[in-house]
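[1] A structural model of the following input is requested.
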Amino acid sequence: MRRRDREVTDKKQIEKFISEQEILRVGFYDEGDIYIVPVNYGYTLENDRYTFYFHGARAGRKYELAKACPTVGFEIDGDYRLIGGEEACDYTASFRSVIGSVTVSLVDSRDEKIMGLNALMKQTAKRSNWTYDEQMFEAVAIFRLDADKISCKAKL
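    Here you go, the predicted structure:
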């Protein structure tokens, strides 16, 4: 990170920020193109390691790219606020963001699919105890992002 003065290393601050956001952007590599997709997400945190989950169709570009090229990037941002100035170059912004390179995989295990969906619902609906329609459950793909390393940056 170039601006070390903006680096956030406090694990509790990072986890609090991730827990408060709703959208994660995934950047897939697609034969020379980059395909970025905003998704709702849920996560688990064990032994200082984040695992993010999101859902989608069992077909389409995102699904095929996840199978073809498992290394992806992700980004979560929030707390954006424009700070005005007298001249154009005096304008700045405050923000927080988390980025990382991760491995994406498709979840096959029924138990992990339920765990991933419950994590996603906890993040979006603030409740993690759900039952799922069997037909819809079988039709949905659950994507797993294993984050070995992340970085957090803030300008407040």
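
[2] which helices and strands does the longest helix belonging to the chain pack with?
    The residue-count maximum for a helix in the chain (DSSP state H) belongs to helix 110-125. Contact here means 3 or more C-beta pairs under 8 Å, 6 or more residues apart in numbering; DSSP states H and E; on that basis helix 110-125 packs against strand 33-40, strand 42-46, strand 49-57, strand 140-155. Just so you know, the C-beta spots here come from the backbone N, C-alpha and C atoms, and that holds for glycine as well.

[3] Can you add mean pLDDT and give the ones you listed back as CSV?
    Converted to CSV, the helices and strands packed on helix 110-125 look like this (pLDDT from 0 to 100):
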stretch, mean pLDDT
strand 33-40, 96
strand 42-46, 96
strand 49-57, 97
strand 140-155, 93
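
[4] wait, Tyr132 sits on Leu117?
    Yes: look at Tyr132 against Leu117 with C-beta atoms under 8 Å: they come within range, at 6.5 Å.

[5] Those two: which is more packed in?
    Leu117 (21 against 14; other C-beta atoms under 10 Å).

[6] Alpha carbons only: can I get the longest helix of the chain in CSV?
    Presented in CSV, the C-alpha positions along helix 110-125 are these (Å, rounded to 0.1, in the frame of the first residue of the first chain):
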residue,chain,number,x,y,z
ARG,A,110,-25.5,-29.1,1.5
ASP,A,111,-24.4,-28.1,5.0
GLU,A,112,-22.0,-25.5,3.7
LYS,A,113,-24.6,-24.2,1.2
ILE,A,114,-27.0,-23.6,4.1
MET,A,115,-24.2,-22.0,6.2
GLY,A,116,-23.3,-19.7,3.2
LEU,A,117,-26.9,-18.7,2.6
ASN,A,118,-27.5,-18.1,6.3
ALA,A,119,-24.3,-15.9,6.4
LEU,A,120,-25.6,-14.0,3.4
MET,A,121,-29.0,-13.5,5.0
LYS,A,122,-27.5,-12.4,8.3
GLN,A,123,-25.5,-9.8,6.4
THR,A,124,-28.5,-8.5,4.4
ALA,A,125,-31.5,-9.2,6.7
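
[7] May I see the buried residues of that helix?
    Under the neighbour-count criterion of 16 or more other C-beta atoms under 10 Å, helix 110-125 has Lys113, Ile114, Met115, Gly116, Leu117, Asn118, Ala119, Leu120, Met121, Lys122, Gln123 buried.

[8] ok, now which ones touch Ser101?
    Thr71, Val72, Gly73, Asp148, Lys149 (C-beta atoms under 8 Å, 6 or more residues apart in numbering).
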